[in-house]
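Colleague: just the structure for this:
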Amino acid sequence: MTDISCLIVCPHHFSFRHTEVASKENNPYLCRCARQLTQDLAHAQRANMHLRYKKILTYLVVFASTLLLAWILPNRHLPMWQWWLEAIVYSGLFALLVWLSCRLVRSGRGAGETAITALFLLFFLPRGGGLVNLSIESVTYLASQCMVPFFIGQYMRIRRRDYGHIYVLMILMGIFCSYTHDGIAIPLCGGFLWMSWLTREEFFKRACWPMVIGFCIGTGLCLWQALSTGRIVFPSGLDQTISQTTLALQTLWDTKIFLLSLFLTAWLTVNRWGRQLLLHVFRQQMLLSLCTLFSLFTMPFAPLGLEQAVDGVCFFCLFWTLLLLRQLADRYYYKPQSK
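Modeller: Numbers count the residues shown, from 1 in each chain. A predicted model of the protein is given here:
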C-alpha cells in the first residue's frame, strides 16, 4: 500500500524498485500497475529527450538559414575571410537572440513557434538590416540587443533564489549589461526602479537586488559620461519639447513594429476579452510592459538623441507584440486543440 501511494503522489520518483517490491508481495495487479507506470515513465523521458533534440535542431536550422541568407544577399564588400567570420558570428548571435526571446516570452513550445519568432525578429528588429550591410558595427549592435533579454531572463530566473556568495559578480554583470544600448538601458532602468519600489518591503530579500543596483549604477555612469562629453542635450523650452515630440512621433510612424503594436493594442482594447488579455499580459510581464511605457515617455526628452530613443521604443514594442501574439495563439490555436 505504501508503494501505491508513493506512485500516486510522486510518480517522478518511481523506479524499477517498485516492480521488485510488487513481485515479492506476489500481487499480480500491483505488479502490472508497476510495470505499466515504468513503461509510461520511460516513454515520457524519451519524448522529452526527443523534444529537446528537436529544439536544438530548430535553432541550428535558424543559424544555417541566417548564414545562407547572408551568403545570398549581395553584401560581400569585405575580404572573404573577414566576411565569413562576421557572417558566422552574426548568424550565431541571431540564433542566440531567437532563443533568448523565446525563453523570455515563452513562445518556443515547438519548431513552428520558433520559426515564426525568428521571422518576426528578422523583419521587425530595430536596425535589422545587418545582413544587408554586414560589418563590425552590425555585429556589435546585435550583440548589445542579445544582452537585454539575457539580463531580463536572469533577473526573472534568480529573483526567488539565494546567491549570496556571488553578489559582487551580479553587480558587475548589471554594470556590464547597462552599457549595451542607451535607448534601451534608460527605460529598462526605469522599469527596474519602479518594480523595486512596488516590492520595496522585500526588495533586499530577493536574490536579484544586486543586479538591479548594478544596472542602475551602470546607467548612471553612462549618463554622467554622456553629460560630461556634451552628448546630452535637453529641450530648452516648451516649444522645443513639443517640436521634438512631434518629430519623434513622425519617426515612429514610419516604423513597422510600432504601428503593428499600436494597432494590435488598440484592437484588443475595443473588446472586453481583449482588455482582460492586456491586463493579464501586463501583470504577467510587468517589467517588459513598464519598459515599453517608459521608452515612450522618454521620447519628448531623448537625452541621448532621437535615434537612440526610437530604437528603444521599437525594441520594447517588438517584445510587447510578441507577448500579445503568444496570448492570441493560446486563445485561438492551443486551447481549441486541447479541447
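
Colleague: so what touches the strand or helix carrying residue 169?
Modeller: Per DSSP states H and E, residue 169 falls inside helix 167-178. Contact with helix 167-178 is made by 147-148, 150-151, 154, 163, 185, 189, 208, 210-219, 221-222, as judged by Cβ atoms under 8 Å, 6 or more residues apart in numbering. (Each C-beta comes from the backbone N, C-alpha and C, glycine too.)

Colleague: of those, buried ones?
Modeller: Neighbour counting over these (16 or more other Cβ atoms under 10 Å) leaves 147-148, 150-151, 154, 185, 189, 208, 210-216, 218-219, 222 as the buried ones.

Colleague: out of those, which sit inside strands?
Modeller: Nothing among the buried ones among the contacts of helix 167-178 maps onto strands, per DSSP state E.

Colleague: and residue 208, backbone torsions?
Modeller: Backbone torsions of residue 208, given as degrees, to the nearest 10, read phi -90, psi 0.

Colleague: I figured it was touching residue 151, is that so?
Modeller: No - in this structure, residue 208 is not within contact of residue 151 by Cβ atoms under 8 Å, at 10.4 Å.

Colleague: how about the helices in the stretch 201-339 of the chain?
Modeller: Assigned by DSSP state H, counting those that start in this stretch, the stretch 201-339 of the chain shows helices spanning 209-228, 238-253, 256-270, 272-284, 286-297, 306-329, 335-338.

Colleague: need the winner for burial among the ones you listed.
Modeller: Of all the helices of the stretch 201-339 of the chain, helix 306-329 has the most neighbours on average by mean count of other Cβ atoms under 10 Å, namely a mean of 22.

Colleague: if I look at residue 332, how far off is residue 273?
Modeller: Look at residue 332 and residue 273: by Cβ to Cβ, to the nearest Å, they are 11 Å apart.

Colleague: go on, residue 96?
Modeller: Using Cβ to Cβ, residue 96 is found at 35 Å from residue 273.

Colleague: what sits against residue 215?
Modeller: Residues near residue 215 by Cβ under 8 Å, 6+ apart: 151, 174-175, 177-178, 185, 188-189, 192.

Colleague: including distance to residue 308 and pLDDT, could the residues you listed go into a markdown table?
Modeller: Shown next, in a markdown table, are these (distance: Cβ to Cβ, whole Å; pLDDT from 0 to 100):
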| residue | distance to residue 308 | pLDDT |
| --- | --- | --- |
| 151 | 18 | 88 |
| 174 | 20 | 85 |
| 175 | 19 | 86 |
| 177 | 17 | 84 |
| 178 | 14 | 83 |
| 185 | 10 | 85 |
| 188 | 13 | 89 |
| 189 | 14 | 89 |
| 192 | 19 | 88 |
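
Colleague: for residue 137, state which of those residues is nearest.
Modeller: Set against residue 137, the nearest of the contacts of residue 215 by Cβ to Cβ is residue 185 (18.2 Å).

Colleague: quick one: the closest one and residue 219 touch, right?
Modeller: Yes - counting by Cβ under 8 Å, residue 185 touches residue 219, with 5.1 Å between them.

Colleague: give me phi/psi at residue 106?
Modeller: According to degrees, to the nearest 10, residue 106 has phi 60, psi 50.

Colleague: from residue 297, how far out is it?
Modeller: 27 Å.

Colleague: before we move on, what about residue 179?
Modeller: Relative to residue 297, residue 179 is positioned 22 Å away (Cβ to Cβ).

Colleague: ok, residue 278 next?
Modeller: Residue 278 sits at a distance of 18 Å from residue 297 (criterion: Cβ to Cβ).

Colleague: now do residue 255
Modeller: Distance from residue 255 to residue 297, by Cβ to Cβ: 17 Å.

Colleague: can you check residue 58 too?
Modeller: Relative to residue 297, residue 58 is positioned 37 Å away (Cβ to Cβ).

Colleague: ok, now residue 95?
Modeller: Noted for residue 95: a distance of 33 Å to residue 297, by Cβ to Cβ.

Colleague: tell me how many other residues crowd residue 177.
Modeller: By the criterion of other Cβ atoms under 10 Å, residue 177 has 23 neighbours.

Colleague: tell me which element the residue found closest to residue 92 once you drop the neighbours it is linked to in the chain is part of?
Modeller: Excluding the flanking residues, the one nearest residue 92 by Cβ to Cβ, 6 or more residues apart in numbering is residue 63, at 6.1 Å. For residue 63, the element it lies in under DSSP H and E is helix 28-72.

Colleague: could you point out which element follows that helix?
Modeller: Immediately after helix 28-72, counting by DSSP H and E, sits helix 80-105.

Colleague: count the neighbours of the residue nearest to residue 71 when sequence neighbours are not counted for me.
Modeller: Excluding the flanking residues, the one nearest residue 71 by Cβ to Cβ, 6+ apart is residue 87, at 7.2 Å. The number of residues packed near residue 87 is 23, by other Cβ under 10 Å.

Colleague: likewise residue 131?
Modeller: 21.

Colleague: show me the contacts for it.
Modeller: 66, 69-70, 73, 75, 90.

Colleague: farthest-apart pair in these, please.
Modeller: Spatial extent of the contacts of residue 131 (Cβ to Cβ) is set by the pair 66 and 75 at 13.1 Å.
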